[in-house]
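Enquirer: Structure for the following, please:
(chains A and B)
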Amino acid sequence: MKRIQLKFIIPACLALSAIILYACNKNLNKQPQGSLSLSNVATRTGVNGLLIGAYAVLDGENVPGAGLAYGSAGSNWVYGSIAADDSYKGSTPTDQPDATQVESWSLSQAATAYVQEKWSIVFNGIQRANDVIRTLRLAKDIPAADTPVIVAEARFLRGFYHFEGKKVWNNFPYADESISFQNNNLNLPNDKDIWQSINADFRYAMNNLPATQTNIGRANKWAAAAFLAKAYMFQHKYDSARTLLTQLITTGTTASGLPYKLVNYESNFNAPQKNGPESVFACQMSVNDGSSTANDGGNGNMGDVLNYPNGPGAPGGCCGFNNPSWNLANAYKTDVNGLPLLDTWNAGAVVSDSANIYTGNLDPRVDWNIGRPGIPYLDYGPHSANWIRDPPSNGKFNPKKNVYAKAQAGTASSTATVFWGATQITSNNYNFIRFSDILLWAAECEVEVGTLDQAQAYVDTVRGRAADPAGWVYKNSEYDATKGQYKVQTTPADKYVIKKYPPGAFTANGADYARKAIRFERRLELAMEGHRFFDLQRWDNGTGYMADILNNYVTVEKTRNSFYYIVNTAVFTKGINEYFAIPQGEIDAENSTGKVYLKQNPGYR
Amino acid sequence: MPKKFNGLVKGACITLAFLLSTCGVFAQKTTVSGKIINKADNQPVPGATVQVKGTKILTQTAVDGTFSIELRKDRGTLVISDVGFERVEIPVTANTSAGDISLTSTTTTLNDVVVTGYSSQRKKDITGSVSVVNVANMKSLPSGSTESLLQGQAAGVTVVNTGAPGGASNIRIRGITSTGSTDPLVIIDGTPGALHDLNVNDIQSIQVLKDAGAAAIYGVRGSNGVIIVTTKRGKPGKAQITYDGYYGTQRPLSKGYQLANPTETANAIWQEYINDGLSPSHKQYGSGATPVIPDYITPFGTKEGGPNTDPSTYALYTNQITKANKGGTDWFHEIFKPAAIQSHNISASGGGDKSSYFFSFNYLDQEGTLIYTKLKRYSTRINTSFSLLDDHLRVGENAYVVYKNNPGYLNLAGVNNANSINASYREPGIIPVYDIRGNFAGTGSQSLGNSPQPVAIQTRQANNTSNVWQVSGNVFAETDFLKHFTARTSIGGQVDYFYNNSFVYTAYENAENAQNPNSYIENYGWNSSMIWTNTLKYQNTFAARHNLTVLVGSEYINNSGRAVGAARGNYYITNPANLTVDPNLWTLNFGSPAGQTNANINSNNGTATPYQLAVYSLFGRVDYNFDDKYLLSGTIRRDGSSVFDPAKRYGYFPSVTGGWRLSREAFLQDVAWLNDLKIRGGWGKLGSISNINPTNAFTLFTSSANQSFYDINGTGSNPVQGLITAQYGNPITSWEQDIITNIGFDATFLKNKFDVSIEWYKKAISGLIFQPYTPGTVGGAAVPFANSGNISNKGIDMALTYHGAVHNDLKFDITGTFTSYDNKVVSLPPGRQYINVGTTGNSSVYSRLKPGTAVGSFFGYQVLGLFQDRADVTKSATQDGAAPGRFKYADVNHDGKITDSDRTFFGNPNPKFTAGLNIAVSYKNFDFFMFLYASVGNDVLNMVRTSTDFPQQFDAAMSRNVALNSARLVNAAGQPTNVNDPTARVANPGTKVPMLERIANFSNATAFNSYFKENGSFLRCKTMTLGYTFTSESLKRLHFDKFRVYVQATNLFTVTKYTGLDPELPGSNTLFGLDGGAYPNNQKNYNIGVNLSLH
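Expert: Numbering: from 1, shown residues only, chains lettered A, B, ... in the order given. Sure, this is the predicted structure:
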């Protein structure tokens, strides 16, 4: 026995050990599964995939870990509409307390989740764009001639995301492709004005992108030009903007090659008619595409999921947010000549008020921008008073532009159910820039260079479309959800009277009048599209204009059933509230070494 | 390696030779000889100490128990002692034989052989820190989660449990050792496994290896401590069958959440408006001077006979007629009901001299007190062993198969951030459970908040399942050769396969998303771990007193897993009245393919799938003991792991421990009251990879339908595939290392009645692996785990046992354990001053890792009290939203304004100590057992108050305390007034509750502050059991070895100042002690049980 053991067992054990040693050491190289490595992605296909990925956060959603991120919605309804005079947050006063803080211009909003969500999504987009550029440089199968187009598209998106940050925070850092985790340079200071970098991105994109693209959702040369023009508008560079805007108006086309023009008003907000000739650049939304997972809305319009009526049998199902303000409804009053009441719109009788109801003329756009009691709400029948969630603070109105028609339920709306709020997710695009935007910026530029007639011409083009009775809301008529129009056009839903300005009116009344008229027109035309706050910010330019407008707004709204009736201490502070608070979490993160990289905006704490 | 091994043996031999040469030989004069035997079995007792009383003359018995000692005079008294035996004094005469002297073994367990790392040792030889768990005490609690039973049973082990059936516990061995998982390594019969679903009746023994000396041989996996479980094996002799069963009832807490009734709530809502200077108006309560409680909440605010109250007008969405419950629905007790628990366990065991077997079957059925929650578990074990070649070769296996169905109650998809427990304190009491048609009533009745309905949530989950099938075990072969060598190989592992499904019904009664189509989710996956261990052991005793054991081994571990999930919606509604779908239709095929999803999901241990990782290790151990007096032990392990880049892959983990048994020294032989005393100490290093993603070293890209796809063609439903960076790789991440220093002593004294073990330890963790908190500028990709920072734990563990007997019939055993740890963050990565820890995203910071503070410390604004009046506001630091009746925060940095830099540490959820006290008393055939557990000095955050104390959020249910005792404002004249009145002051200055308001701001509801902190200390009577054992002759004739019946009550009382349901709150390792509607763990449970044993 012993002999056998000595001769056999011990050598056997040693041999076995050796085998194990060899085999097991080799087995320590475990490749990741279900993921691609850089070598897979540094190819033409991979870089193209990354570019698609960089578009995918335009909707402002899918912030990792953030779940339902309303604060980053691509439509900017939080910052652009409720923080301005377009709408109230809605729901009960503290449902989404972060939104309450935004709407009441709270100085302690730095700690709220909303600004953090916006910050995260913007950098998500920026780094996705940078990934395209970084990876492109490593790819071997892309001819040098093709690289500028790809870089241009990535830089367009990078410029876009920075622009979002710049609008919201002003003191916003710039991250080009050298800023990365690997380079360990993520603590970016916000001490420089980044307009030059944003301009450069858009300019590069404009100079290198083709006029038409094979995919309708891609940015083309003209989309880049439009954003560069918009950036100039924010920089008050009217000359530069005017040149571009004129080109856009005369020769601009969509990515599919359609020359820009105005279409039926509601068609801009109707899923089946998206990407028409008025859509300069939009976030492409899709539903029922296998993308929805628990607690994020997939590729649909998740950002606006709360902005539906709420109450028994209400359209969508939830949640009574983003209620248009009394102030906005009154803005649609028109005089006997069909012109807006530029100074007195908010005085006297109130549109749709039960006690002091306004019975005069209205701009027909009121009923595409605002769901009003008794007025047909798409094909859901008349808007019910019970669709208001919290009457003391919500007023009487519901949003409409993001809402799908009943006939589109299940096609333009999501039928997926494993996440919250499915019945309000739509494939309705959000237009970042539509052609009427361009016309109205051009009008502003013309005023600044003194060509008031041309300015008026642009405004009248916009008003002319609104005046087309084919695009109005009608009573006792079936709504055609495929066209965004009512079938029987005999009984307008209210007393719609709208006209162009009398010839020469701008010249006759001077530049100040023209400016006022154009600004008013922008509000009427682009209401509830997330632009109003940033327009006020742009027009303010250090003058206190914005604080005056918004504090006057609050003073009157406090006396009505509105957000400000409940939150009656809200004050817009000049020099502070034109921009939002830098998220506390980011300040904590960037400055945790003790060195201050990221500075809070003035006035916030 | 073989070379190294040879070197080791050579070294040991030289050392031994040296030691041997120093041993003198006594002259033979006036000697006495004899033989020491064990009274129990008449076997010789080697190594017992024989001493001449009053002198320093002593000797030890030889292997055959014989001794011979020089008296140096004619007569004397010999004192014979040995660990584990009663001390004996015997008078002797020189030059005679003392004959056989028998020793009676004591009740101490010092001679017990316990299983430690890859080997076993006599308890008295252990030099590392090892807690031996009293399995009998541990088993005395009914539980579906075996790890929860360790609470209070082992010094140094802190366990926090939940009341949910089958819920997981937090186990921390010697404090918080990591910011990720602190789960200890569990080794079951030599194979890594999980305690959670182990049949507690199968357990033979449990040892907890706490320090590096004991655990370093587990190297990379040992840093959180190691729990060694040995399951039962058959014993030679007649076959034995046992049955252990109990049946009982669990009682919900009688207290529940203390919420306001509908009238109090409505009045408080009116007060909210009045405090803010507004006219009250509410869909349900009208708009008058005082609120009116309606008869119907749908149609809202309607009185009896009002419009649309005729039952014939009932319609699910547009007129779901619902009467107000004016008395208030007690939602807590609508969802918590008495529930049954039962367990039945049968085992059979036995064996011949060449083989043995153990077989068991267990059925556990625990209904949760939370309706429709449950744990059903079936398990079986087969352990066998065979002995061949004249016992030179032994082979065997351990196999455990378990199936369970344990659907959880959390995270119901599609429901607004609520489980039924937190819904039960958010759902207003005016809502009844059912409407007039027997359908669920809910917040769809308007202006009653947005909570989903607790009973509906639970009822709709009744048919959901969460199944796990798990097979674990190993096969082994062991051979002896060349006298002193034993080689062993073992291949084992665990495979678990899970399948769960859930149906999400259309929750028509809710305020939000009441129209969501139904949907169905189905998830499948598996995890596999394989381990192959080979060891070679050399054991020898030289010159009777030099005991040497050398062990070398290698081990390979390979883990992998994969899981998928899918969902479809729009299932055919089989009952249109209440929108339910027959569970027979719950298949993926039956749902609509539109909007379907399918994807990889995380496995049920939370790992992103698919994954694979491997560890390869070599290890060695040397134990040397001289004369049972001086003990020395050393281990070393080299681990290589696939989770690190090849350059950082290998780590070495050494340890050294030593012990000195003073009681065997001559100078202590005369100390009659001392039976045994050993001082021991050790140092060693451990590692951890439990918190690292297996692909951490790689930069990876991924594609996912919701994150990277984009509808670039504008189709509305057909997006194009896109790619995104999924994670950044960090090739320099390496081992997390723990260095543990441990000093302690074990003593047995007063005729072996007392056993004491006290240890002091320091555990320094360096290179902590976690995902750093990176600025948002990083983008969306995941940041890799990095070695970031150091943590230290210091503490004292104590265990004290007293074995007493008043007389033969009345005996008692008392065991106390004491565990304390003092946890501190020592440092963070260079330059980092802190790392925030929040719940979701980055904005809700509840805790912060900062050097000098304990992990988990609460971080936010410190509430000084409420602003009393305007003057108070004026003289205090500037604060956003400051007003009388709102919180006043501490100006920590004294800069005159409250900013984010005034946030401070205001609480610590780590207990100062925890303690367990087991008291076992037996009188004749009766036995009584009681177990008390205390956790002292831990703070908790009662986050339930974020909802119940700040009712401006949604008009949800509010606490009665807030409705009745919140701050009230009066003007100079003492009349009620509102917050805008410059003369407003708080009328009830003693209150800590801010005034009721319609809005939230920084000074009331939106800033995380110390208002939520409470004292979480508690003392709990965990169990009390009274048993009776029948011992009649007739039972014996019927082959009964044992027949015992018992009654038992658990959680009879809890002493605590905590105002919530239960201060025992599991959490993550960086954020714990948060009560956001936790499943209470202090519910009473009454059981009757029986233990039978037959042969």
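Enquirer: ok, and does stretch A:165-185 reach over to chain B?
Expert: Yes: counting by CB under 8 Å from any CB of the partner chain, chain B has neighbours in stretch A:165-185: A:173, A:175, A:179, A:181-182. The C-beta positions use only the backbone N, C-alpha and C, and glycine is treated the same way.
Enquirer: Go through that stretch and flag the buried ones.
Expert: Residues A:165-177, A:179-181 are the ones in stretch A:165-185 that count as buried (16 or more other CB atoms under 10 Å in any protein chain shown).
Enquirer: Looking at those residues, spot the one nearest chain B.
Expert: residue A:181 (4.4 Å; CB to the nearest CB).
Enquirer: Report whether the closest one is found in a helix, as I expect.
Expert: No: using DSSP: H, G, I helix; E, B strand; the rest coil, the secondary structure at residue A:181 is coil, not a helix.
Enquirer: was I right about it contacting residue B:727?
Expert: No: between residue A:181 and residue B:727 there is no contact under CB atoms under 8 Å: 9.5 Å.
Enquirer: centroid residue for chain A?
Expert: residue A:75 (2.2 Å; CA atoms, centre = their mean).
Enquirer: For residue A:348, see how far away that residue is.
Expert: Separation of residue A:75 from residue A:348 (CB to CB, to the nearest Å): 32 Å.
Enquirer: quick one: contacts for whichever residue of the stretch 51-200 of chain A sits closest to chain B?
Expert: Nearest to chain B in the stretch 51-200 of chain A, going by CB to the nearest CB, is residue A:127, at a distance of 2.6 Å. By CB atoms under 8 Å, 6 or more residues apart in numbering or on different chains, the residues touching residue A:127 are A:175, A:180, B:725, B:777-781.
Enquirer: Name the SS class of it, please.
Expert: helix.
Enquirer: now do residue A:268
Expert: With three-state DSSP as the criterion, residue A:268 reads helix.
Enquirer: Can you get me a residue count around it?
Expert: Residues lying near residue A:268 (other CB atoms under 10 Å in any protein chain shown) number 24.
Enquirer: can you check residue B:544 too?
Expert: 14.
Enquirer: pretty sure it contacts residue B:64?
Expert: No: using CB under 8 Å, residue B:544 is not in contact with residue B:64, being 10.2 Å away.
Enquirer: what sits in contact with each of the two?
Expert: Between them, residue B:544 and residue B:64 share the contacting residues residue B:46, judged by CB under 8 Å, 6+ apart.
Enquirer: the helices in chain B, which residues?
Expert: B:2-21, B:135-138, B:212-215, B:262-275, B:331-335, B:420-424, B:454-460, B:870-875, B:945-948, B:960-965, B:1033-1037 (DSSP state H).
Enquirer: Save those as JSON lines, and put in mean pLDDT, distance to chain A and mean neighbour count too.
Expert: Output for the helices of chain B, formatted as JSON lines (pLDDT from 0 to 100; distance: least, CB to the nearest CB, whole Å; neighbours: other CB atoms under 10 Å in any protein chain shown):
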{"stretch": "helix B:2-21", "mean pLDDT": "40", "distance to chain A": "6", "mean neighbour count": "12"}
{"stretch": "helix B:135-138", "mean pLDDT": "84", "distance to chain A": "35", "mean neighbour count": "18"}
{"stretch": "helix B:212-215", "mean pLDDT": "80", "distance to chain A": "22", "mean neighbour count": "32"}
{"stretch": "helix B:262-275", "mean pLDDT": "94", "distance to chain A": "8", "mean neighbour count": "22"}
{"stretch": "helix B:331-335", "mean pLDDT": "96", "distance to chain A": "20", "mean neighbour count": "22"}
{"stretch": "helix B:420-424", "mean pLDDT": "91", "distance to chain A": "14", "mean neighbour count": "27"}
{"stretch": "helix B:454-460", "mean pLDDT": "93", "distance to chain A": "13", "mean neighbour count": "24"}
{"stretch": "helix B:870-875", "mean pLDDT": "95", "distance to chain A": "13", "mean neighbour count": "13"}
{"stretch": "helix B:945-948", "mean pLDDT": "89", "distance to chain A": "11", "mean neighbour count": "20"}
{"stretch": "helix B:960-965", "mean pLDDT": "94", "distance to chain A": "15", "mean neighbour count": "18"}
{"stretch": "helix B:1033-1037", "mean pLDDT": "86", "distance to chain A": "45", "mean neighbour count": "10"}
